[in-house]
Every structure is written in structure tokens, then in C-alpha cells.
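S.K.: Quick check, what structure comes out for this input:
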Amino acid sequence: MTEFANKTVLITGGGSGMGLATAHKLVADGARVVLAGRSEERLETAVKELDAGDRVLAVPTDVSRVADLDQLASRIEQTFGRLDGVFANAGTADFGRTADVTEASFDNVVGVNFKGVFFTIQKALPLLLDGGSVVINGSWLAHRGLAFTSVYAASKAAVINLVRTLAADLAPQGIRVNTVSPGYIVTDMFTAITNTPEAQEVCRSHVALGRLGTAEDVADAVLYLLSPRSAYITGQEIGVDGALTTSVPL
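M.R.: Alright, predicted model coming up:
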């Protein structure tokens with residue numbers, strides 16, 4: 001199956017984790033992929049790992065800076081001329097009790113997770129063809145309160161709501177907008193936060209399916225939403241969480 005042959009997809013936060021897993025699947029299915037991220041080192045490593053020649057473009061980008069997003073859009077237009085899809089995946093977390101949140105921490109999380117998503121999509125619009133698809137990376141934490149995640153969870157709730165309004169706003173252009181909301185997914189960010197086997201076991205015990213998720217689990221859902229197979233789906237949220245938010249495990 002090569003449903004992404006000759007298609008071009010932008011992935012922010014594409015140097016690792018869920019973004020890179022999605023890039024692997026897209027490249028394997030014939031796509032051209034644009035990787036954007038803050039770490040040049042991670043992007044260089046990702047390009048080598050993907051090993052897809054001129055089908056991969058890596059652009060160092062801080063999505064919280066609109067000027068960076070302007071430069072990213074310009075590079076995409078110069079190199080590929082258009083976009084068929086966007087995975088607005090870049091995100092950051094700075095967890096802490098509400099009383100301890102600093103203005104700098106707040107601005108960083110909201111700047112990447114909400115402002116960055118909004119302007120990534122805005123700057124991509126002139127390049128998106130009719131029938132294009134946008135997927136935003138949300139989070140299960142938008143649906144369940146966890147004490148030390150107030151700013152992070154609120155930023156993810158914001159983009160999940162954004163999906164609904166953008167779906168209406170962009171429908172006349174034939175652009176679909178959806179979100180995936182991962183649960184406990186084993187990535188560098190997850191292992192940095194749950195840095196002991198005991199902590200990870202606590203997380204696993206809350207998942208009805210009985211296992212932690214993988215970046216590939218999320219990537220499969222993203223590819224579905226980017227593909228023509230989801231042509232009548234827009235304004236929706238797909239939880240990729242093993243029923244973490246909906247079911248109580250035995």
C-alpha cells in the first residue's frame with residue numbers, strides 16, 4: 001500500500017518520539033516528509049535514521065516563534081511546493097504544583113503547546129491543498145485532572161477545542177482537522193518523568209489494555225487521520241490510550 005506516494009507531510013517535533021515514528025511510517029509508504037524541531041542534533045540523527053534521501057527535509061524550528069514558522073513555510077514551498085498534511089506534534093511539559101509555576105514556565109508550555117500549534121497550522125494553510133488533513137497531538141490529561149499538570153493539561157485542552165473550531169473554519173477549503181490524544185506512551189519525555197520501574201508500573205496498572213503505549217501506536221492513528229480512509233472524519237478526537245480515560249481495569 002502506497003497511499004502517501006507523492007504526498008508531502010509536515011511533522012513538528014519530528015526529531016524523536018511520536019513525530020519520528022510517524023515519519024518512519026510515512027516514508028515507508030512513499031511520502032515526502034518535512035521534520036521541524038528545536039534540536040538540530042536530533043533532526044540530523046532522524047534524517048540519517050529515515051535514510052530517504054531528498055524525500056526528507058529537516059528544518060530547525062522553534063514553533064513558539066512565528067518568525068521561525070514563516071521560515072519553515074518558505075523552505076517547504078521552495079523545496080516541495082505544497083503540503084498534503086500536517087502533524088502538529090511539537091509539545092513540551094514543565095510539571096509542577098500550581099503554587100510553584102513561574103511565568104517563564106507558563107509562557108514556554110503555552111507558547112509551544114498552544115501558540116505553536118495555532119501558528120503552525122496558520123502558516124501551513126497557503127501550502128495545503130484542497131483535501132488536506134491536519135492532525136494535532138492532544139493528551140489524555142485534558143480529560144482527567146492530575147495535580148501537578150495544570151498548565152500542560154490546559155494547553156492540551158485548548159488545542160482539542162481548537163480542532164472543533166478549525167474543522168468548521170477550514171471545511172470550505174476541503175481541509176480536515178482532527179486530534180489524537182495519547183495516554184501513557186513510552187517516549188523520552190515519559191521515561192524522564194516516570195524515571196523508575198515502579199512509577200511506570202503504576203501508570204501501566206491504570207490502563208485497561210494492560211500495557212503502556214508505543215510511539216508506533218500513535219503513529220498508526222495519525223496515518224489513518226492523514227489518509228483518504230478518514231475522508232469523512234473531521235473535528236474529532238481519537239484517544240490512543242488503551243482506555244485509560246474511559247475504563248477501569250480489573
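
S.K.: Strands of the protein, start to end?
M.R.: For the chain, the strands defined by DSSP state E occupy 8-12, 32-37, 56-60, 83-88, 128-137, 176-182, 237-240.

S.K.: Need the contact partners of the fourth one.
M.R.: It refers to strand 83-88. Applying CB atoms under 8 Å, 6 or more residues apart in numbering, the external contacts of strand 83-88 come out as 7-12, 14, 19, 22, 34, 76, 116-117, 120-121, 124, 127-129, 131-137, 159, 222, 226. The C-beta positions use only the backbone N, C-alpha and C, and glycine is treated the same way.

S.K.: Pull the CA coordinates from the helix-or-strand element of the chain with minimal mean pLDDT and hand them back as PDB.
M.R.: Every helix and strand in the chain was compared by mean pLDDT, DSSP states H and E; the lowest is helix 188-193, with a mean of 87. This file holds the C-alpha atoms of helix 188-193, laid out as PDB (Å, rounded to 0.1, in the frame of the first residue of the first chain):
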ATOM      1  CA  ASP A 188      11.900  10.100  26.100                       C
ATOM      2  CA  MET A 189       9.500  12.600  27.800                       C
ATOM      3  CA  PHE A 190       7.600   9.800  29.500                       C
ATOM      4  CA  THR A 191      10.700   8.000  30.800                       C
ATOM      5  CA  ALA A 192      12.200  11.300  32.000                       C
ATOM      6  CA  ILE A 193       9.100  11.900  34.100                       C
END
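
S.K.: count of neighbours near the residue lying closest to residue 226 once chain neighbours are set aside?
M.R.: In space, residue 226 comes closest to residue 85 once its chain neighbours are excluded; the distance is 4.3 Å by CB to CB, 6 or more residues apart in numbering. Look at residue 85: counted by other CB atoms under 10 Å, it has 28 neighbours.

S.K.: and residue 85, bridged to which residues?
M.R.: residue 9, residue 133 (DSSP bridges).

S.K.: what sits against the closest residue to residue 36 other than its chain neighbours?
M.R.: The shortest distance from residue 36 to any non-neighbouring residue, by CB to CB, 6+ apart, is to residue 61 (3.9 Å). Applying CB under 8 Å, 6+ apart, we find residue 61 in contact with 12, 36, 37, 38, 68, 69, 71, 72.

S.K.: Same question for residue 31.
M.R.: So residue 31 contacts 4, 5, 7, 8, 9, 55 (CB under 8 Å, 6+ apart).

S.K.: Show me the residue at the heart of the protein, geometrically.
M.R.: residue 89 (1.9 Å; CA atoms, centre = their mean).

S.K.: What score does it have for pLDDT?
M.R.: With respect to pLDDT, residue 89 scores 98.

S.K.: ditto for residue 82
M.R.: 97.

S.K.: what's the answer for residue 129, then?
M.R.: 81.

S.K.: What is the burial count for the closest residue to residue 236 other than its chain neighbours?
M.R.: With sequence-adjacent residues excluded and distances taken as CB to CB, 6+ apart, residue 236 is closest to residue 178, at 5.0 Å. When neighbours are defined as other CB under 10 Å, residue 178 has 25 of them.

S.K.: give me every residue that touches residue 178.
M.R.: 133-136, 163, 167, 225, 230, 233-238.

S.K.: any chance of these in TSV, with neighbour count, distance to residue 208 and pLDDT too?
M.R.: Shown next, in TSV, are the contacts of residue 178 (neighbours: other CB atoms under 10 Å; distance: CB to CB, whole Å; pLDDT from 0 to 100):
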residue	neighbour count	distance to residue 208	pLDDT
133	27	29	98
134	28	29	98
135	28	24	98
136	28	24	98
163	22	25	98
167	19	28	98
225	23	23	98
230	18	24	97
233	14	24	98
234	20	28	98
235	16	26	98
236	15	21	98
237	16	18	98
238	19	16	98
